[in-house]
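**Q** quick check, what structure comes out for this input:
(one chain, ligands or ions: 2)
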Amino acid sequence: MNELSEAVRILSSGGLVAFPTETVYGLGCDASDALAVARVYDAKGRPQFNPLIAHVRDLDAAEAQAVLPAKARALAEAFWPGPLTIVAKRREDSTVCELACAGLVTIAVRAPAHPMAQALLAAFGKPIVAPSANRSGRVSATTAAHVRDDLGAAVDLVLDGGATTLGIESTIVAFDGDRTVLLRPGAIGRADVEAITGPLEAPDPSAVEAPGMLASHYAPRARLRLDAAAPRPGEAFLAFGAPASAGGLTLSERSDLVEAAANLYAHLRALDAMGAEVIAVAPIPQTALGEAINDRLLRAAAPRT
Ligand code: TXA
Ligand code: MG
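**A** Ligands and ions are numbered 1, 2, ... in the order given. Next comes the predicted model:
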């Protein structure tokens, strides 16, 4: 089997494939598969669910996921395929799972230019979400060897495209109503972006340092009661390490934090839809992905403004 069909087979079965882009290597998985996305967060060792970039073939594929205003489209036409990432409103019918977007109402999309990335996206035929292929807190990987050193057995296949040519991450531009914001300086210079969009605004510092703090993060309508050993009368119970009780759900019956992360948003939404007024949530261990799950739960439980 050639490497590309092997990569597609792995992606289709929820595995992780690292691949080169012209900026840095990405740690990719099927964007629609929350369990695979949870494995990516686990492999990175991220204490939070940072939203991931959805890699797509071209502008058409991006517009199937994101609502792009005219200026964003113009920017994409100028720089795609290439080292540009656009953040815009996520389409209601986006196939990128909520965990990959960290529960935000926005989505990041990028059409990379590297021939191996393009070949992979064409062969897979669906968006691939990928953060930089390094462990959290370490520098981005620019060779296949860096990826293997950093992530080891956590990645199922590393497509080796040699050293990346740019070596620094993509420039991220966000479109938020009338505002155009430079979220992350990167491989394309500010002046080149501004030639098309006009002046770029500086990001709201709290939003960039911790995307998890954005007010637009999903919070259930129900109130949450955390660290609950058992539900009180009238509460819906979100269990962990135990089967679901009547009218409740379990994040993971077998105490698997990767499975729990994959289920988190969907289960909160489902319990909300059942009309629960209070969702009691079982204690989640503060280890591995548990830290990110607890981070999200704390935010969801915080008083609403
Ligand atoms: O060059 C790159 O951009 C590489 C290659 C693999 O594409 N990717 C990369 O991904 O650098 P990552 O996950 O290391 O950085 C992506 C950044 C994160 O800081 C994340 O918070 C931000 O993009 N981001 C993603 N979606 C966002 C959103 N909806 N709103 C705001 N920021 C977002
Ligand atoms: Mg990174």
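**Q** need the outlier residue of this structure, farthest from its centre.
**A** Going by CA atoms, centre = their mean, the residue of the chain most distant from its centre is residue 233, 35.9 Å out.
**Q** so it, which state does it fall into?
**A** Following DSSP: H, G, I helix; E, B strand; the rest coil, the label given to residue 233 is coil.
**Q** distance of it relative to residue 301?
**A** Relative to residue 301, residue 233 is positioned 20 Å away (CB to CB, to the nearest Å). The C-beta positions use only the backbone N, C-alpha and C, and glycine is treated the same way.
**Q** pLDDT below threshold where in the stretch 51-200 of the chain?
**A** By pLDDT under 70, the stretch 51-200 of the chain contains no weakly predicted segment.
**Q** the stretch 201-305 of the chain now?
**A** Applying pLDDT under 70 to the stretch 201-305 of the chain flags residues 205-218, 304-305.
**Q** backbone dihedrals for residue 144, please?
**A** For residue 144, the backbone dihedrals (degrees, to the nearest 10) come out as phi -60, psi -30.
**Q** ok, it - how many residues close by?
**A** By other CB atoms under 10 Å, the residues close to residue 144 number 20.
**Q** in space, what's closest to it - neighbours in sequence excluded?
**A** Nearest residue to residue 144, sequence neighbours excluded (CB to CB, 6 or more residues apart in numbering): residue 160, at 3.9 Å.
**Q** secondary structure element holding that neighbour?
**A** For residue 160, there is no enclosing helix or strand under DSSP states H and E.
**Q** what about it, how many residues nearby?
**A** 16.
**Q** please apply the same query to the one 5 residues further on.
**A** Residue neighbour count, defined by other CB under 10 Å, stands at 15 for residue 165.
**Q** pretty sure it is touching residue 20, no?
**A** No. Distance between residue 165 and residue 20: 9.3 Å, which falls outside the contact criterion (CB atoms under 8 Å).
**Q** that older thread, distance check, the residue nearest to residue 144 against ligand 1.
**A** Separation of residue 160 from ligand 1 (CB to the nearest ligand atom, to the nearest Å) stands at 15 Å.
**Q** roughly how far apart are that residue and residue 116?
**A** For residue 160 relative to residue 116 (CB to CB), the value is 9 Å.
**Q** shared neighbours of the two, which are they?
**A** The contact sets of residue 160 and residue 116 overlap at residue 20 (CB atoms under 8 Å, 6 or more residues apart in numbering).
**Q** buried ones in stretch 91-111?
**A** By neighbour count on 16 or more other CB atoms under 10 Å, the buried set for stretch 91-111 is 94, 96-104, 106-111.
**Q** buried residues of stretch 172-184, list them for me.
**A** The neighbour-count check on stretch 172-184 (16+ other CB under 10 Å) flags 172-176, 180-183 as buried.
**Q** likewise for stretch 60-75?
**A** Using 16+ other CB under 10 Å as the test for burial, stretch 60-75 gives 61-66, 68-69, 71-73, 75.
**Q** does ligand 1 sit close to it?
**A** No. Applying CB under 6 Å from any ligand atom, one finds stretch 60-75 out of contact with ligand 1, separated by at least 9.3 Å.
**Q** now find how far off-centre that stretch is within its chain.
**A** Relative to its chain's centre, stretch 60-75 lies at 18 Å (CA atoms, centre = their mean, to the nearest Å).
**Q** that one: end-to-end distance?
**A** 14 Å (CA to CA, to the nearest Å).
**Q** what's it in contact with?
**A** With CB under 8 Å, 6+ apart, stretch 60-75 has contacts from 54, 56, 59, 76, 80, 84, 86, 88-91, 94-96, 107, 109, 111, 121, 127, 173, 175, 180, 193, 196-198.
**Q** please repeat the previous calculation with a cut-off of 6 Å.
**A** Stretch 60-75 is touched from outside by 54, 56, 86, 88-89, 91, 94, 96, 107, 109, 175, 196-197, with contacts defined as CB atoms under 6 Å, 6 or more residues apart in numbering.
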